[in-house]
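Student: Next one to model:
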Amino acid sequence: CLNGTLAGAPADVAELVELLVADPLLRFEASDFKYSKASAAEPPFPDLVIKRVAELISTGGVFSSIPISDTGEGYLTPEEFRAALEARDRNAAFGGDGDGDGG
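Tutor: Numbering: from 1, shown residues only. Below is the predicted model of the structure:
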């Protein structure tokens, strides 16, 4: 996931979008990008730095062996997550250890 704002000459922005779309790990499509015109006397992001990193959040590589195709497996929807938290809280309120079996 990438969320950001970039400013530049139209040709330069188009070149960056082409690079991002071409990267198979990022899985972007041209339609993922939104464009708008801006006018400024000076560049709006003079200190912008773009770099590729191994992890967005450093884990020391703990998760690097997990294939990208597996990253969506085992996740709960927001509704399922809330229900799981509520079930855990109900269980704990009645003296359970939080694993859902009442013990």
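Student: elements contacting the helix ranked longest in the chain?
Tutor: Longest helix in the chain by number of residues, with DSSP state H as the criterion: helix 78-93. Counting contacts by 3 or more Cβ pairs under 8 Å, 6 or more residues apart in numbering; DSSP states H and E, helix 78-93 packs against no other helix or strand. Backbone N, C-alpha and C define where each C-beta goes, glycine included.
Student: What residues sit buried inside that helix?
Tutor: Residues of helix 78-93 classed as buried: N91 (neighbour count, 16 or more other Cβ atoms under 10 Å).
Student: So what's the model's average confidence on it?
Tutor: Averaging pLDDT along helix 78-93 gives 83.
Student: what's the answer for stretch 45-52, then?
Tutor: 82.
Student: in the protein, which spans are helices?
Tutor: Along the chain, counting by DSSP H, helices occupy 10-22, 78-93.
Student: Format those as a markdown table; extra columns: distance to V53.
Tutor: As requested, those are exported to a markdown table (distance: least, Cβ to Cβ, whole Å):
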| stretch | distance to V53 |
| --- | --- |
| helix 10-22 | 15 |
| helix 78-93 | 28 |
